[in-house]
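# Prediction below, plus the sequence it came from.
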Amino acid sequence: MTLVEPLHALGATVEEEDPGRRLTIRMPLKGNANHFRAMYAGSLFTAAEFPFGVLFAQRFPTEGLVPVAGTLSIRY
């Protein structure tokens, strides 16, 4: 699987893929850490959101469609 460019910039790698069922990515803390040495909220959100989009595209026909998320939220 090829990751999109922003995920490469975050250092993300695919650890496990079961098409349509599971996608596990790994993202290093180095380069994604804030001043508390915890992962930036935006990096964490990306790590949670990206696999969902891939799984959606694998399970549902998307030819001719451009998926748009109407609402996303995360509680830290």
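Great, that's in hand.
# Give me the distance between the closest residue to Leu72 other than its chain neighbours and Ser43.
Leaving aside its chain neighbours, Leu72 sits nearest to Glu49 (6.5 Å; criterion: C-beta to C-beta, 6 or more residues apart in numbering). All C-beta atoms are positioned from the backbone trio N, CA, C, and that covers glycine. Distance of Glu49 to Ser43, given as C-beta to C-beta, to the nearest Å: 11 Å.
# And Pro51, by the same measure?
Distance of Pro51 to Ser43, given as C-beta to C-beta: 14 Å.
# cool, and Ile74?
Counting by C-beta to C-beta - Ile74 and Ser43 are separated by 12 Å.
# Among these two, which residue is more densely surrounded?
Just comparing Ile74 and Ser43: by other C-beta atoms under 10 Å the higher neighbour count belongs to Ser43, 19 against 9.
# Just name the shakiest helix or strand of the protein by mean pLDDT.
helix 5-9 (a mean of 82; mean pLDDT, DSSP states H and E).
# Tell me which other helices or strands it touches.
Applying 3 or more C-beta pairs under 8 Å, 6 or more residues apart in numbering; DSSP states H and E, one finds that helix 5-9 contacts helix 41-59.
# Just the mean pLDDT for the helix it packs on, thanks.
Mean per-residue pLDDT for helix 41-59: 85.
# do stretch 63-76 as well
For stretch 63-76, the mean pLDDT works out to 77.
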